[in-house]
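Engineer: Give me coordinates for this.
(2 chains)
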Amino acid sequence: MSGLLINVDNSFRERLWKNLIIAIPYFWLLLFFLAPFLIVLKISLADPIIAQPPYTPLFQDSDDGSISIYTTFDNYLFLFQDSLYLVTYLSSVKLAFISTVLALLIGYPIAYGIARSPQPTRNILLLLVVIPFWISFLLRVYAWMGILKTKGLLNGFLLWTGIIDQPLELLYTDTAVYIGMIYSYLPFMILPLYANLEKLDIRLLEAASDLGAKRWEVFKDVTLPLSIPGIIAGCCLMFIPAIGEYVIPTLLGGADTLMIGRVLFDEFFLNRDWPVASAVAIVLVLLLVLPIVYFQKRQNQELLSES
Amino acid sequence: MSENEEAFIQIREISKHFGDVIAVNKVDLDIKKGELFSILGASGSGKTTLLRMMAGLEIPTEGKIFIDGIDMTNVPPYKRPVNIMFQSYALFPHMNVFDNIAYGLKKDGEARDVINDRVHKMLDLVKLSDYGQRKPNQLSGGQSQRVALARSLIKEPKVLLLDEPLAALDKKLRQSTQFELMDIQEELGVTFVIVTHDQEEAMTLSDRIAVMEEGEFVQIGTPNSIYEHPNSKFVADFIGNINMFDAKILKNTDQEFTIDCKALGGEITIQSPDQAINSTELSVALRPEKVIIDKQQPSDEDHYYVKGVVEDFGYFGNLSIFRVRTASGEVIQVSKQNRMRIEDSITWEDEVYLSWAQESLILLDN
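Structural biologist: Model (predicted):
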């Protein structure tokens, strides 16, 4: 009997520990993600006023002494009425999308090359991918300004080799933004792709080759489909921060480079319209979260149907 | 192999070096058409490397491989009339069973209905007709093995290479699959080359076996000749159980040897052995099942015998295995078929007589 009791006690303790350990990340997310999100959501449902803070409170005292809840969807309606926001969202999606696709095209061969290289070389190559993170992100973007400006490093080099005889107009254009984005986020593309490709069973490639597939067919039929999880992970890691990117378009982009991060900054700090700025942020989150939720759901369904 | 028949696979002086390591060292081999040939060796003996060179997955450092008279040494794997079945099966995890099997035909550009027809026939052959839509992770080990076999046979290769085909299966399944493999091989008439470390598997499956050690062949022959007439201590020891004793040559004529072997009771006269004996010191080997164990003193004069005490004894149902310590202090292992349902048999500490036919002794050079 007593043995049984101890067992019950042990399993209870075990569960308590498990719950406690799981509770830490939950608590973290609750405090630093969900709570700020709810605050921003609350602000996005308020009216702007000239006050401190500059928006109407959620709970308002009525004349008869009761408390009422005040919300408005005006800010969201405003976003859809003014075509600037729609255009900016689309432009952000386009910039992030094209950068992601280009980074995938550049990052895939790099990740593949690293995964196929012998062990000691592999570690050095991986280190080289990560090493730029040791320098401040801002500094690296400033360095690109130096490289891309009219009398910068790149133009100097191209003029010197004689490939061009007029300096290229690069800085403060969308091209500069693409270069900056791809450069900055490439490691986020390479690392998950590498992690995936490194696990790939060489025997599968040999089997395909043995069954009559030429080299590119082996890639198309086996390597590529099996690396889709890595491709999705890399693209998500790049696309999500890229769409809300503020620093790169501000420093490298021109006045006509429309990105939602800049609009958000302007609404917040120049217009002091917190509710509209919050609404911009909430729509951006929805824009990102909904496709991810959809993907996850599909993946879970696939896993369920397989097991 | 008859002399006038040209070998289907001819391997000539083939070597493979990985850096400083010599995996395969100047190997020659002839395999004839329709043969079920095994390459048997411990891990690291170079057997898999040899197989991979036949498949084209490894380029030989030197030497040549001919298949059906054509030099295949540098032909890439996708152009060879050879298919391989991997030890790990290497089924494509993102394709279902049907697509896995159909893959080779698709790469050959076969028409859709031809592919359909042949894959279904193949699924019937490996008894997986209802499993076409399953993914590899939904299959048991035995089913995966049969899919891998089907996939490697679908292109009707002239040679099928099998790398440890049964290693991943449990014992019962291994036995039934062995016979299935033999049936399929017979039905299709494909030349099978099997690499294995399991001597039992090699013995039951093969027409001929090549025993490999450290990148070289030690002996090539039928299972029977390798078991009964091993040409070296290594082969004798590697295949099956064997008792091995030191001995000295006392007299050596063309017809007869007289040796002195303490463990087997002293002086023994024996007909000339299979292989040349160069030294005066040699080993005498005797398989456990060739020894007769009895409580009664043998009367048959053809049999030599020694007396001993049963030190250890294991009962396996169909047979019993005894370890008998002889007067000279050596231990001889004996296995005995339990032909009768007797309860009172030989057991621990019994005094017994061990006898054997003179032809059962194998003389091996040290």
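
Engineer: okay but A:Tyr108 is in contact with A:Tyr194, surely?
Structural biologist: No. Counting by C-beta atoms under 8 Å, A:Tyr108 stays clear of A:Tyr194, with 10.0 Å between them. (Each C-beta comes from the backbone N, C-alpha and C, glycine too.)

Engineer: Please state the backbone phi and psi of the residue in the stretch 251-366 of chain B positioned nearest to chain A?
Structural biologist: Nearest residue of the stretch 251-366 of chain B to chain A, counting by C-beta to the nearest C-beta: B:Phe316, 37.9 Å away. Dihedral pair for B:Phe316: phi -110, psi 10, per degrees, to the nearest 10.

Engineer: Need the pLDDT of it.
Structural biologist: Per-residue pLDDT puts B:Phe316 at 88.

Engineer: same deal with B:Glu3?
Structural biologist: Reading off the model, B:Glu3 has pLDDT 43.

Engineer: Get me the contact residues on the stretch 151-300 of chain A for chain B.
Structural biologist: A:201, A:203-204, A:206-214, A:217, A:221-222, A:225-226 (C-beta under 8 Å from any C-beta of the partner chain).

Engineer: got the domain boundaries for chain B?
Structural biologist: B:9-235, B:241-365 (automatic domain parsing).

Engineer: quick one: the shortest one to chain centroid distance?
Structural biologist: How far domain B:241-365 lies from its chain's middle: 25 Å, per C-alpha atoms, centre = their mean, to the nearest Å.

Engineer: Show the end-to-end separation of that domain, please.
Structural biologist: One end of domain B:241-365 sits 18 Å from the other (C-alpha to C-alpha, to the nearest Å).

Engineer: Going by contacts, tell me the helices and strands next to the helix or strand containing B:Gly63.
Structural biologist: Using DSSP states H and E, B:Gly63 falls within strand B:62-67. Using 3 or more C-beta pairs under 8 Å, 6 or more residues apart in numbering or on different chains; DSSP states H and E as the contact test, the elements touching strand B:62-67 are strand B:9-18, strand B:21-31, helix B:47-55.

Engineer: tell me the most buried of those?
Structural biologist: helix B:47-55 (a mean of 23; mean count of other C-beta atoms under 10 Å in any protein chain shown).

Engineer: per-stretch mean pLDDT over the domains of chain B, give me the minimum one.
Structural biologist: Across those, domain B:241-365 gives the lowest mean pLDDT, at a mean of 84.

Engineer: circling back to that earlier point, looking at A:Tyr108 and A:Tyr194, which is more packed in?
Structural biologist: A:Tyr194 (25 against 21; other C-beta atoms under 10 Å in any protein chain shown).

Engineer: The more buried one: what's it in contact with?
Structural biologist: Neighbouring residues of A:Tyr194 by C-beta atoms under 8 Å, 6 or more residues apart in numbering or on different chains: A:Ala111, A:Ile114, A:Ala115, A:Leu126, A:Val129, A:Gly230.

Engineer: now, which of these sits nearest chain B?
Structural biologist: A:Gly230 (13.3 Å).

Engineer: ok, that closest one touching A:Asn196?
Structural biologist: Yes. A:Gly230 lies in contact with A:Asn196 (C-beta under 8 Å); the separation is 2.8 Å.

Engineer: of those two, who's got more company?
Structural biologist: Ranked by neighbour count (other C-beta under 10 Å), A:Gly230 and A:Asn196 place A:Gly230 first, with 24 against 20.

Engineer: The more buried one falls within a helix, correct?
Structural biologist: Yes. Under DSSP: H, G, I helix; E, B strand; the rest coil, A:Gly230 falls within a helix.

Engineer: Sort out which residues of stretch A:65-74 are buried, please.
Structural biologist: A:Asp74 (16 or more other C-beta atoms under 10 Å in any protein chain shown).

Engineer: what about it, how long is it end to end?
Structural biologist: Where stretch A:65-74 begins and where it ends lie 27 Å apart, using C-alpha to C-alpha.

Engineer: and if you look at stretch A:249-266?
Structural biologist: OK, stretch A:249-266 end separation, C-alpha to C-alpha: 13 Å.

Engineer: how about it: buried residues?
Structural biologist: A:Pro249, A:Leu251, A:Leu252, A:Gly253, A:Thr257, A:Leu258, A:Met259, A:Ile260, A:Gly261, A:Arg262, A:Val263, A:Leu264.

Engineer: May I have stretch B:146-162 as CSV, with CA atoms only?
Structural biologist: What follows is stretch B:146-162, C-alpha atoms only, in CSV (Å, rounded to 0.1, in the frame of the first residue of the first chain):
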residue,chain,number,x,y,z
ARG,B,146,10.4,-6.1,-50.1
VAL,B,147,9.7,-2.6,-51.5
ALA,B,148,13.5,-2.0,-51.8
LEU,B,149,13.8,-5.3,-53.6
ALA,B,150,11.0,-4.5,-55.9
ARG,B,151,12.4,-1.1,-56.7
SER,B,152,15.8,-2.5,-57.5
LEU,B,153,14.3,-5.3,-59.7
ILE,B,154,11.8,-3.2,-61.7
LYS,B,155,14.3,-2.2,-64.4
GLU,B,156,15.1,-5.9,-64.9
PRO,B,157,18.8,-5.4,-64.3
LYS,B,158,21.3,-7.9,-65.5
VAL,B,159,22.9,-7.9,-62.1
LEU,B,160,21.3,-7.2,-58.7
LEU,B,161,23.7,-6.1,-56.0
LEU,B,162,22.4,-6.7,-52.4
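
Engineer: Is chain A within reach of it?
Structural biologist: Yes. Using C-beta under 8 Å from any C-beta, we find that stretch B:146-162 touches chain A at B:Arg151, B:Ser152, B:Lys155.

Engineer: what sits against residue 48?
Structural biologist: Let's take chain A. A:Pro48 neighbours (C-beta under 8 Å, 6+ apart): A:Pro54, A:Tyr55, A:Arg272, A:Asp273, A:Trp274, A:Pro275, A:Val276.

Engineer: try chain B instead
Structural biologist: B:Asp163, B:Val195.

Engineer: For chain B, what lies in contact range of chain A?
Structural biologist: B:55-57, B:76-78, B:80, B:82-84, B:86, B:88, B:90, B:92-94, B:103-104, B:107-108, B:135, B:137-138, B:151-152, B:155.

Engineer: Keep only those of the residues you listed that are in strands.
Structural biologist: B:Val82, B:Asn83, B:Ile84 (DSSP state E).

Engineer: Return the member of the residues you listed nearest to B:Phe98.
Structural biologist: B:Asn83 (17.8 Å; C-beta to C-beta).

Engineer: Drop anything exposed from the residues of chain B next to chain A.
Structural biologist: Buried among those (16+ other C-beta under 10 Å): B:55-57, B:77-78, B:80, B:82-84, B:86, B:90, B:92, B:103-104, B:107, B:135, B:151-152, B:155.

Engineer: So in chain B, which helix runs the longest?
Structural biologist: What stands out as the longest helix in chain B, according to DSSP state H, is helix B:171-188.

Engineer: Report the distance from that helix to the chain centre.
Structural biologist: On C-alpha atoms, centre = their mean, the centre of helix B:171-188 falls 15 Å from the chain's centre.

Engineer: Run through the residues that contact the closest residue to A:Met259 other than its chain neighbours.
Structural biologist: Nearest residue to A:Met259, sequence neighbours excluded (C-beta to C-beta, 6 or more residues apart in numbering or on different chains): A:Pro249, at 4.3 Å. Shown in contact with A:Pro249 (C-beta under 8 Å, 6+ apart): A:Leu95, A:Val177, A:Thr257, A:Met259, A:Gly261, A:Arg262.
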